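> What shape does this take:
(one chain, ligands or ions: 1)
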Amino acid sequence: MKAIVVADQAAGLAGLKLVERPEPSAAINDVIVQIHASGFVPTEMAWPSTWTDRGDRDRKPSIPGHELAGVVTALGYGTTGLSVGQRVFGLADWYRDGTLAEYVAIEARNLAPLPGDVDFTVGASLPISGLTAWQGLFQHGRLQAGQRVLAHGAAGAVGTMVTQLAREAGAYVIGTGRAADRQKALDFGSQEFVDLDSDTLEDIGRVDLVFDVIGGDIGKRSAGLLRAGGALVSVVGPPNARPDNGRVVDFVVESDRAELNEIVQRVRDGRLRTNIGHVSTLDDAVAALNPTKRREGKTIIRIRP
Ligand SMILES: NC(=O)c1ccc[n+]([C@@H]2O[C@H](COP(=O)([O-])OP(=O)(O)OC[C@H]3O[C@@H](n4cnc5c(N)ncnc54)[C@H](OP(=O)(O)O)[C@@H]3O)[C@@H](O)[C@H]2O)c1
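Predicted coordinates for the structure are as follows:
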């Protein structure tokens, strides 16, 4: 099968290569999915799991990409809950060969059915950003209606999901980003926007929940904005400062079939819009994943036309 691999950690995204690889086989509780569309997060090149397995053994060359939408073609021993021919989408294991390929072996529990009226390209854009937003807001952030949410990077892949889900839950959302992100953040539902390069973040007053996708100094300053009992939720590692009277949670997203179902249902009925910026073929993926200028929205690789 055709697949994108990486073997040189120092090369970053420039090290992505399109090669031929053997098709994977299904282990216990796995399915094989023929991938129609794949999502990729550029920071994957910095994740240890791209380079080693769970036992810390070298697994280069590895296939990156962890989001997928496709069709089940085989079941492993003992696999239940999914069937051959079923449309699915989901989040592949960080430590196994991923989804920038024609086929992937993946545990069935990491997948959910993809309804027939949701395009594969849309399905592949949802798992990481949708699940991250859902888990950060509701599970870790314990968001309640009426609360004020500071959504950093509000025009990005995660931030647009955070904004929409928080608004639906009855929160007031203050988005942040760069000057060029203002209109997009407002279009996705932010009620205020802070340009982090020229506005003063501290002017927004107190918030109940900070959703941090930026970290560093922005994460540190955000800790000081929390109301008593609030939560600083980070997906970019532990923040450099702790709030005086609030919780801090830094987490890595996990696959969850029930949450994937909730997310895709919202896409079908119009409550959630995806933030897809660019769609490429697998043959053109190496160039598409090495953009020469700033790209807005998620890049999706369409593996099958
Ligand atoms: N722990 C987890 O489970 C998890 C899950 C998902 C994502 N993540 C991480 O979360 C981060 C965001 O992911 P994403 O997919 O949402 O990325 P994205 O689509 O690039 O969105 C991030 C947004 O924040 C903006 N931004 C970044 N730094 C900024 C700064 N200093 N000032 C103003 N705006 C800034 C970006 O603008 P520019 O493009 O101009 O920089 C972009 O609009 C990544 O580091 C990713 O690895 C972690």
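> So is stretch 44-51 next to the ligand?
No - Stretch 44-51 lies apart from the ligand when judged by CB under 6 Å from any ligand atom; the minimum separation is 7.8 Å. No exception for glycine: its C-beta is placed from N, CA and C like everyone else's.
> do the same with stretch 25-39
No - Stretch 25-39 stays out of contact with the ligand when judged by CB under 6 Å from any ligand atom, the minimum separation being 9.4 Å.
> low-confidence ranges in the stretch 51-200 of the chain?
Across the stretch 51-200 of the chain, nothing is flagged by pLDDT under 70.
> Quick check: the gap between the closest residue to Glu168 other than its chain neighbours and Thr132.
Closest residue to Glu168 apart from its sequence neighbours, by CB to CB, 6 or more residues apart in numbering: Arg271 at 5.8 Å. As judged by CB to CB, to the nearest Å, Arg271 and Thr132 stand 17 Å apart.
> Please say which of these two ends up with more neighbours.
Remark: of Arg271 and Thr132, Thr132 carries more neighbours, 24 against 13, as counted by other CB atoms under 10 Å.
> So that one lies in a helix, does it not?
Yes - counting by DSSP: H, G, I helix; E, B strand; the rest coil, one finds Thr132 located in a helix.
> Please give me every residue in contact with it.
By CB atoms under 8 Å, 6 or more residues apart in numbering, Thr132 lies in contact with 158, 161, 235, 253.
> where's it relative to Leu126, distance?
Thr132 sits 11 Å away from Leu126, going by CB to CB.
> can you tell me how far whichever residue of the chain sits closest to the ligand sits from Phe188?
Ranked by CB to the nearest ligand atom, the top residue of the chain for proximity to the ligand is Gly156, at 1.9 Å. Note on Gly156: its distance to Phe188, by CB to CB, is 10 Å.
> do Pro113 as well
26 Å.
> Comparing these two, which residue is more hemmed in?
Between Pro113 and Phe188, Phe188 has the larger neighbour count (other CB under 10 Å), namely 24 against 19.
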